[in-house]
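Enquirer: build me a model from this:
(chains A and B, ligands or ions: 3)
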Amino acid sequence: MNTGHLLSRERWEEAVEGLIRDYKIYAPVNLWGHMDYERINPENVKQIVYNFPRPITPLKTFFLPVKQNVSQSTVNEKMVILGVPSCDLQALHLLDAIYLDEKLPDTVYKKRRENTILIGSDCHQTLDSCHCTTYGINPYPESNIDILLNLIGDKIILEAHTEKGQDLVNNILSLVKSSAVEENTRQEILAAREKTKAELFNRNKNLPDYMTTGKLIRETNGTIWKKYAEDCVSCGACAASCPTCSCFLLIDRPGFEKIRNLDTCQYPGFERVAAGEDPLKPLSQRFKNRYMCKYVWKPVRYDAVACTGCGRCIDACIGRINKNELIVELMDKVTV
Amino acid sequence: MNNGFNPYDPVRARLIDIIDESPNIKTFRLEPEREFSFKTGEFIQLTLDGIGESPFTPSSSPYVNDRLDVTIMKAGYVTEKIHQLKGGEILGIRGPFGRGYPVEKFYGKEVIILGGGCGLAPIRSLLFELLEQKEKYKKVTLCYGSKTPTDCIYKPMFCDLNKVENFQCYRSVDVADDTWDGHVGVVTTLLDQINFRLENAVVVVCGPPVMMKFGTLKLLQIGFDPKDIYLSMEKNMSCGYGKCGHCMLGDTLVCKDGPVYTYDEVKNYDHIW
Ligand SMILES: Cc1cc2nc3c(=O)[nH]c(=O)nc-3n(C[C@H](O)[C@H](O)[C@H](O)COP(=O)(O)OP(=O)(O)OC[C@H]3O[C@@H](n4cnc5c(N)ncnc54)[C@H](O)[C@@H]3O)c2cc1C
Ligand code: SF4
Ligand code: FES
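Expert: Numbers count the residues shown, from 1 in each chain, chains lettered A, B, ... in the order given. Ligands and ions are numbered 1, 2, ... in the order given. Now for the predicted structure:
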């Protein structure tokens, strides 16, 4: 851990207010019992929730909005996203591998990534569906952050991880008073990490790791897909809430403009070609496709995990399909 | 990548000519506003302004880069609208995208081409490429099938092929009419009529899914190595350059790793036909 800076919560909130002029700031706020990113203004700055597990909306939507005109050059808006959990940061490895591929990067995505400062936070609580550690991800940010921010007691601890992050930290320190981080505060941060990790580990003991899950899914026969797909209505909520699902469809507008709409293989017609041929016509094939994509194909192609264990799809499913129940059922059926 | 480049912004191209090839296939000749080069077998995304975009493989010579031909079969919404064009309109082109035919690997070999229906579009471009450096190939044999004699496209070019040394063209129709005195039968039956040395031959197959499937099965039966059978995979496509996920074929993306694959590369994936 590099040397951090300690601020009282009050001073920190003053600093955030000061930054509102230069940045669009988003942070988790408690909205009627649901935690989600909100645009921060002087009125809600005190309502920011710290060190909470993943917000309802996955981080991806800041870089890949549900609907975006990709023909118009985007305005040079600087964004700060605060309180990003480890699972969503991990998802960026996959998204960046797809969208920032060196030969042909998506220049629209790239611009948004470059204009954003990511402030990650440790998870000091977990949600019932959280299972990041099952897939080898710690519940505290280890990559893809510009700044690490934690709230311990009523003190905010800031730690810059990139040059971009250091510039912002310097900016903050020029606005308000801070002090060095003491050893006992450091120990408190570490203890909180261990506590969350143990909690997640105990709750998810029965789940196979990422590699094993991939093998189970590759090797099973068709019956499990048909069984679980019976409760699926192709609403696409799993994909919309997923931090790594990033498929899209371009729609044409006059003037040779293209509108990018997030799409998913769960919708009918995703793979339809001329003459109506469609390998994913049966719902059970579409249902299976998502599992193959997450646990078998994407990890091979991009060398990154495509399921970060955030559990959003489990909470979002209106058919109450719990993918972890499916995976546990596979363990009983398939020997790997 | 150069700054300001937007992969979603099509290059404008004027439609300068329309050639009727068959009752439901036309060739559209486009003049891009700036030089546009492609390798044979690579594809483009063609935008009909405000209507939609579809992938097509240019059917013209990769050695010409001030205009390009796309041969389009009427198959649905966008293609129907394209067929209604009169000429003079401005269209949009994105690309070229994908991996085309690895012609260097064909040097010194016999190239057998098995084509059907609109699958002839990429094949015509490939023939232009092969003709350009014909001394590099041992022999080129085109086997081309169409439903009926009127569905046969590019007739003049194919008839002329027989005049080129080491090039041969065989045709068949599924259903004959009064004008036809040639071979009748699905295109794969032409394989029984041609001579080749299995050890030194590669086969390029392009056509509708059923043709690709039965063509490949027959080639395997004859004894071809799956690595020597080149297929063009058709998948739904949106972005064309590996981002949108529509064209996933197992852990590959057809718009990037394809559309040309060897059978060996795809044989283990579900739903390839
Ligand atoms: C790499 C490649 C090269 C091709 N080259 C040629 C060629 O040279 N000549 C030719 O005639 N045809 C070619 N095709 C097929 C051609 O792209 C389809 O016939 C065309 O997209 C059909 O569009 P449509 O709107 O007329 O059909 P519809 O069936 O009406 O399509 C409706 C919708 O379905 C989806 N859809 C259907 N088919 C496709 C598709 N193939 N790709 C993406 N979306 C699709 C789209 O969302 C489309 O808007 C090629 C296809 C691929 C993938
Ligand atoms: S899955 Fe892990 S990292 Fe993500 S919110 Fe839950 S505890 Fe935090
Ligand atoms: S067409 Fe978008 S990924 Fe291939």
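
Enquirer: going by C-alpha atoms from here, please, whenever you check contacts or count neighbours.
Expert: Noted.

Enquirer: pLDDT weak spots in the stretch 1-150 of chain A?
Expert: By pLDDT under 70, the weakly predicted segments of the stretch 1-150 of chain A are A:1-2, A:73-75.

Enquirer: the stretch 101-250 of chain A against ligand 2: which residues are in contact?
Expert: Within reach of ligand 2 by Cα under 6 Å from any ligand atom, the stretch 101-250 of chain A has these residues: A:Cys123, A:Thr126, A:Cys130, A:His131, A:Cys132, A:Pro139.

Enquirer: now distance to ligand 1 and neighbour count too, for these, in JSON lines please.
Expert: Below are these laid out as JSON lines (distance: Cα to the nearest ligand atom, whole Å; neighbours: other Cα atoms under 10 Å in any protein chain shown):
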{"residue": "A:Cys123", "distance to ligand 1": "41", "neighbour count": "27"}
{"residue": "A:Thr126", "distance to ligand 1": "40", "neighbour count": "18"}
{"residue": "A:Cys130", "distance to ligand 1": "36", "neighbour count": "22"}
{"residue": "A:His131", "distance to ligand 1": "36", "neighbour count": "28"}
{"residue": "A:Cys132", "distance to ligand 1": "35", "neighbour count": "22"}
{"residue": "A:Pro139", "distance to ligand 1": "40", "neighbour count": "25"}
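
Enquirer: and those residues as a markdown table, adding secondary structure?
Expert: Converted to a markdown table, those look like this (DSSP: H, G, I helix; E, B strand; the rest coil):
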| residue | secondary structure |
| --- | --- |
| A:Cys123 | coil |
| A:Thr126 | coil |
| A:Cys130 | coil |
| A:His131 | coil |
| A:Cys132 | helix |
| A:Pro139 | coil |
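
Enquirer: pretty sure A:Leu330 contacts A:Thr220?
Expert: Yes - contact status for A:Leu330 versus A:Thr220: in contact at 7.3 Å, counting by Cα atoms under 8 Å.

Enquirer: residues of the strand or helix carrying B:Leu130 that come out buried?
Expert: Using DSSP states H and E, the element containing B:Leu130 is helix B:120-132. Buried positions in helix B:120-132, judged by neighbour count with 16 or more other Cα atoms under 10 Å in any protein chain shown: B:Leu120, B:Ala121, B:Pro122, B:Ile123, B:Arg124, B:Ser125, B:Leu126, B:Leu127, B:Phe128, B:Glu129, B:Leu130, B:Leu131.

Enquirer: closest to B:Val70 out of these?
Expert: B:Ala121 (7.4 Å; Cα to Cα).

Enquirer: any idea how far that closest one is from B:Val205?
Expert: For B:Ala121, the distance to B:Val205 equals 12 Å [Cα to Cα, to the nearest Å].

Enquirer: and what of B:Leu30?
Expert: The value you get for B:Leu30 to B:Val205, if Cα to Cα is used, is 26 Å.

Enquirer: higher neighbour count, the two?
Expert: B:Val205 (28 against 25; other Cα atoms under 10 Å in any protein chain shown).

Enquirer: distance of the more buried one from B:Phe106?
Expert: 14 Å.

Enquirer: B:Tyr63 too?
Expert: Counting by Cα to Cα, the gap from B:Tyr63 to B:Phe106 is 18 Å.

Enquirer: next one: B:Thr216
Expert: From B:Thr216 to B:Phe106 the distance is 18 Å (Cα to Cα).

Enquirer: so these two - more neighbours on which side?
Expert: Taking neighbours as other Cα under 10 Å, B:Thr216 and B:Phe106 compare with B:Thr216 leading, 23 against 19.

Enquirer: report the central residue of the chain.
Expert: Answering for chain A, as no chain was given. A:Asp88 (2.4 Å; Cα atoms, centre = their mean).

Enquirer: oops, wrong one, chain B.
Expert: Mean-position check on chain B, Cα atoms, centre = their mean. Result B:Pro122 at 2.0 Å.

Enquirer: flag every buried residue along stretch A:83-102.
Expert: Buried residues in stretch A:83-102 (16+ other Cα under 10 Å): A:83-100.

Enquirer: now, those residues that are in helices?
Expert: A:86-99 (DSSP state H).

Enquirer: now, which of these lie close to ligand 2?
Expert: A:Ser86, A:Cys87.

Enquirer: would you agree A:Ser143 is in contact with A:Leu89?
Expert: Yes - counting by Cα under 8 Å, A:Leu89 is a contact partner of A:Ser143 at 7.0 Å.

Enquirer: now do the helices in the stretch 51-200 of chain B.
Expert: In the stretch 51-200 of chain B, the helices defined using DSSP state H, counting those that start in this stretch lie at B:77-83, B:120-132, B:155-161.

Enquirer: of the ones you listed, which is nearest B:Val187?
Expert: Of the helices of the stretch 51-200 of chain B, nearest to B:Val187 by Cα to Cα is helix B:120-132, at 12.5 Å.

Enquirer: what about that closest one, average pLDDT?
Expert: Confidence over helix B:120-132 (mean pLDDT, whole number) is 93.

Enquirer: does chain A have contacts with it?
Expert: No - using Cα under 8 Å from any Cα of the partner chain, helix B:120-132 never reaches chain A; the gap is at least 15.7 Å.

Enquirer: any residue of that helix touching ligand 1?
Expert: Yes - between helix B:120-132 and ligand 1, judged by Cα under 6 Å from any ligand atom, the touching residues are B:Ala121.

Enquirer: gap between that helix and the chain center?
Expert: 8 Å (Cα atoms, centre = their mean, to the nearest Å).

Enquirer: before we move on, the earlier item: closest one of the ones in helices among the buried residues of stretch A:83-102 to ligand 3?
Expert: A:Ile98 (9.2 Å; Cα to the nearest ligand atom).

Enquirer: the longest strand in chain B is where?
Expert: Ordering each strand of chain B by length in residues (DSSP state E) puts strand B:11-22 first.

Enquirer: just list what that strand packs against, helices and strands only.
Expert: On a contact count with 3 or more Cα pairs under 8 Å, 6 or more residues apart in numbering or on different chains; DSSP states H and E, strand B:11-22 meets strand B:25-32, strand B:90-97.

Enquirer: show me the strands in chain A, by range?
Expert: A:5-8, A:24-31, A:34-39, A:67-69, A:79-84, A:116-120, A:147-152, A:155-160, A:179-180, A:248-253, A:257-262.

Enquirer: and stretch A:293-312, how far apart are its ends?
Expert: Start-to-end, stretch A:293-312 (Cα to Cα) is 17 Å.

Enquirer: please apply the same query to stretch B:40-56.
Expert: Using Cα to Cα, the two ends of stretch B:40-56 sit 12 Å apart.

Enquirer: tell me the buried residues in that stretch?
Expert: B:40-49, B:52-56.

Enquirer: for chain B, give the residue positioned nearest to chain A.
Expert: B:Gly50 (3.9 Å; Cα to the nearest Cα).

Enquirer: that residue: what's it in contact with?
Expert: Shown in contact with B:Gly50 (Cα atoms under 8 Å, 6 or more residues apart in numbering or on different chains): A:Asp252, A:Arg253, A:Pro254, A:Gly255, A:Phe256, A:Glu257.

Enquirer: repeat that for 6 Å
Expert: Going by Cα atoms under 6 Å, 6 or more residues apart in numbering or on different chains, B:Gly50 touches A:Asp252, A:Arg253, A:Pro254.

Enquirer: and A:Pro58, by the same measure?
Expert: Contacts of A:Pro58 (Cα under 6 Å, 6+ apart): A:Pro243.
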